[in-house]
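Colleague: Build me a model:
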Amino acid sequence: MIRQLFPLRQCVSLSSALNCTALRSLSVSSVFLEETSVSNIRNVGISAHIDSGKTTLTERILFYTGRIKEMHEVRGKDDVGATMDSMELEKEKGITIASAATYTTWKDYNINIIDTPGHVDFTIEVERALRVLDGAVLVLCSVGGVQSQTITVDRQMRRYNVPRIAFINKSDRPGANPFGVISQLKSKLSLNTAAVQIPIGLEDKMTGVADLVRKKAYTFVGNQGTSVEEGPVPEELSDLFEEKRHDLIAALADVDEDIADLYLMEEDPDEDTLVAAIRRCTIAQKFVPVFIGTALKNIGVQPMLDGVVDYLPAPDECENVALDATDESNKVVMDSIDHSKPFVGLAFKLERGQFGQLTYLRTYQGTLRKGDFIFNSRDNKKVKVPRLVRMHSDSMEDVQEVRAGEICAMFGLDCASGDTFTDGQIKLTMESMYVPEPVISLAIKPKNSKDLEAFSKAINRFQKQDPTFKVHLDPNSKETIISGMGELHLEIYKEMMERDFNCPTVTGKPKVAFRETIEQPAKFDYLHKKQSGGSGQYARVIGEIVPMTGDESGKIKFVDETVGTNIPKTYVPSIQKGFEEACEKSAMTGHPAVGMKFILRDGVTHAVDSSEMAFRLAAIGAVRQAFETASPCVTQPVMTVEINAPDEYQGGIIGDLNKRKGTILDSETSENNVTIKAEVPLNDMFGYDSDLRSNTQGKGEFTMEYARHEKAPANLQNDLIKEYKEELAGGKKK
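Modeller: Numbers count the residues shown, from 1 in each chain. Okay, the predicted model is just below:
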């Protein structure tokens, strides 16, 4: 006997939803369950490698939960575009550029969803989303499997301790192999994982999934998959079903004592026991349940939603910690259950809206109401909350209050991304997110001089909302230099200047973010002495610079080891400032110096002529003196490049990578396609997009991600030194 369900299990609040048409016609304000408890909230991110189907999956989630009335596709194929890709650039290019927030309900649960970009150039959007989310859905392509950005997203989830479920999408594609993808999750990401479903058919024959936990089969009928038919597992799948159910129980037995006891006694756990075990292990990040489906063909989305509410944590099941602003070693655990506690929230994203700056906020403790006064922990500035909204992509709904565990947005707040807000009763600050360093720069200026004001506004706006977008003025060329995570990253901002600020721009050739470092220690004993009538300048610093390796290779560090009063402690901050100033622009090629520790051991002062400025200049001179004898070298960014193309073009692709001084790390062939993983210097990757298209007749695609900085070849170092000398000579002539 087959019975028709929607959703899959009886929903208390939506019990009449066998036909979802009535549900989808509900007004926006009636979708969110206002009086739900914190245990019935899920804050979830959708993350994956580019083109894995994240935005398409989010579109189906919103449709099946009644949040939108009809589904649309990415790239604006139907002249509308997906709901979460609200920017015109996103619709044109068919990629997600900025993370977009929305909210919906599934059964008795409120779900806040953030759809994140898959392109590495916009990785900061993933960073800040995962920083404030309690759980995530890791989307994978059933053909592509674990790809370069999948590895990056997994690393980001681990950084913020975010539990996740996996959804293997595009199982209708030729060559789909979901169980091969699960093997890659184990081998490439070292995850303890197993399927909680098996597909009923694959490729163009896929019609549904069989649930290994509930021992039922679900098929999706109707042209939009809104009708879900529940029935017994097909007999032809019984052997595969038993095999994969055994694998699931075995994977759980490795990390859960209750399941291990049943497994050893050869007892079959019942549904409730299995669901509870999967939930425990998922929240503890000991297990990742895997769901299977195809969002584009409307198969498997509703069971995955069940997985979100069944297996991902509520805000009160996550330990969120704030730091005491007066003593950062003192950590304070947030209480998301008692809404009377003092308010604490984190501004994680800024956006330019039609009513001014829009600030996205995650509330961690207490209650925030419209009209409240809150304090920015960074500068203790008091601000009023004039308007509170819940976001649905680029539209919004006004609300009167939000409680702990919710995500909202505010207008009229002048703040920066990563600022903590409190109600003033306590002085706390949330831990900030990880911000990667830019790897590419280019000179930019407005095409018309009359657009200088708009140009300045755009630059300031972009810097505020994107921590990876950086700007500085080149002191020699007097050009404005913008830096970012890749060519696409900077190209998008260039286009946004023209579209949003009516400011066409002209850009120079992209520049690579070279760095300088030292390979051996060098001692310094530098005297800065200047006399020009009246009080002069006198400062002597003695110490050593030493190289730093590993995680500290991209940083600089100042250490004060002075004993006694040869250098008064009041001058030490000026010495540190001089060291940092010298590292901003090295004398060898003009690039920043990193991977260096400045150890101050001794010095000499003069009763009259010593000053803060004298010691700052002495530190600058000491760094330059010691740098020359410390085996200085130039380092360049090396990128991890992953290329996918038909295997007939493998030879040409590898030959081209070798020309670009690339190192082949891995090569996999499956279903007449080859995936090549290599490391290539960024300086040799310019123009690769067009060359790859030419070498593969337009059938190849690639992704690129920063790996590390490494020592540049001697000839490149010499060229950079020569260029800098010529640039300095040209500046002097002017």
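Colleague: okay, now residue 684: neighbour count?
Modeller: The number of residues packed near residue 684 is 18, by other C-beta atoms under 10 Å. For glycine as for every other residue, the C-beta is placed from the backbone atoms N, C-alpha and C.
Colleague: same check, this time on residue 535
Modeller: Residues lying near residue 535 (other C-beta under 10 Å) number 12.
Colleague: The one 10 residues further on now?
Modeller: Neighbours of residue 545 under the rule other C-beta under 10 Å: 24.
Colleague: in the protein, what secondary structure element scores lowest on mean pLDDT?
Modeller: Using mean pLDDT, DSSP states H and E, helix 21-24 stands out as the lowest-scoring helix or strand of the chain, at a mean of 29.
Colleague: Residue 489: what's it in contact with?
Modeller: By C-beta atoms under 8 Å, 6 or more residues apart in numbering, residue 489 lies in contact with 121-122, 440, 468-469.
Colleague: and the next element down the chain from the strand or helix carrying it?
Modeller: Element membership of residue 489, judged by DSSP states H and E, is helix 487-501. Per DSSP H and E, the first helix or strand lying C-terminal to helix 487-501 is strand 505-507.
Colleague: The helix or strand following that following strand pairs with which strands?
Modeller: Next helix or strand after strand 505-507 toward the C-terminus (DSSP H and E): strand 511-512. Within its sheet, strand 511-512 is paired with strand 440-446 (antiparallel), according to DSSP bridges.
Colleague: Assumed residue 539 was part of a strand.
Modeller: Yes - according to DSSP: H, G, I helix; E, B strand; the rest coil, residue 539 belongs to a strand.
Colleague: Just grab the bridge partners of it for me.
Modeller: residue 528.
Colleague: which residues in the stretch 451-600 of the chain form helices?
Modeller: 452-465, 487-501, 572-584 (DSSP state H, counting those that start in this stretch).
Colleague: how about the ones you listed, which one is nearest residue 38?
Modeller: Ranking the helices of the stretch 451-600 of the chain by their distance to residue 38 (criterion: C-beta to C-beta) puts helix 452-465 first, at 29.2 Å.
Colleague: And that closest one, what's buried?
Modeller: Residues of helix 452-465 classed as buried by neighbour count (16 or more other C-beta atoms under 10 Å): 454-455, 457-459, 461-462, 464-465.
Colleague: quick check, nearest of those residues to residue 170?
Modeller: Using C-beta to C-beta, these come closest to residue 170 at residue 465, 32.0 Å.
Colleague: where's the residue nearest to the closest one when sequence neighbours are not counted relative to residue 378, distance?
Modeller: Spatial nearest neighbour of residue 465, excluding adjacent residues (C-beta to C-beta, 6 or more residues apart in numbering): residue 350 at 4.1 Å. Distance of residue 350 to residue 378, computed by C-beta to C-beta, to the nearest Å: 14 Å.
Colleague: Can you give the contact residues for stretch 588-595?
Modeller: With contact meaning C-beta under 8 Å, 6+ apart, stretch 588-595 is reached by 476, 513-518, 547-549, 552-556, 582-586, 623, 627, 632, 634-635, 709, 717, 720-721, 723-724, 727.
Colleague: Can I have the buried ones of the residues you listed as a PyMOL selection?
Modeller: Filtering the contacts of stretch 588-595 down to the buried ones (16+ other C-beta under 10 Å) takes a single PyMOL command:
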select buried, resi 513+514+515+516+517+518+547+548+553+554+556+582+583+585+586+623+627+632+634+635+709+717+720+724
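Colleague: follow-up on the earlier one: and the helices of the stretch 451-600 of the chain as CSV, adding mean pLDDT and distance to residue 332?
Modeller: What follows is the helices of the stretch 451-600 of the chain, written out as CSV (pLDDT from 0 to 100; distance: least, C-beta to C-beta, whole Å):
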stretch, mean pLDDT, distance to residue 332
helix 452-465, 87, 28
helix 487-501, 85, 36
helix 572-584, 93, 30
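Colleague: For residue 648, which of the ones you listed is the nearest?
Modeller: Using C-beta to C-beta as the measure, helix 487-501 is the one of the helices of the stretch 451-600 of the chain that comes nearest residue 648, at 27.7 Å.
Colleague: mind checking how far that closest one is from the chain centre?
Modeller: How far helix 487-501 lies from its chain's middle: 20 Å, per C-alpha atoms, centre = their mean, to the nearest Å.
Colleague: Could you check the angle it makes with helix 452-465?
Modeller: Interaxial angle, helix 487-501 versus helix 452-465 (axes from the mean of the first three to the mean of the last three C-alpha atoms, to 10 degrees): 130 degrees.
Colleague: Quick check: buried residues in helix 487-501?
Modeller: Buried positions in helix 487-501, judged by neighbour count with 16+ other C-beta under 10 Å: 487-494, 496-498, 500-501.
Colleague: for those, which one is nearest residue 69?
Modeller: Nearest to residue 69 among these, with distances taken as C-beta to C-beta, is residue 500, at 28.8 Å.
Colleague: Name all residues that make contact with the closest one.
Modeller: For residue 500, the contact set (C-beta under 8 Å, 6+ apart) comprises 352, 458.
Colleague: Could you identify the least confident member of the contacts of residue 489?
Modeller: Note: of those, the lowest pLDDT belongs to residue 121, at 72.
Colleague: That one touches residue 485, doesn't it?
Modeller: Yes - counting by C-beta atoms under 8 Å, residue 121 touches residue 485, with 4.7 Å between them.
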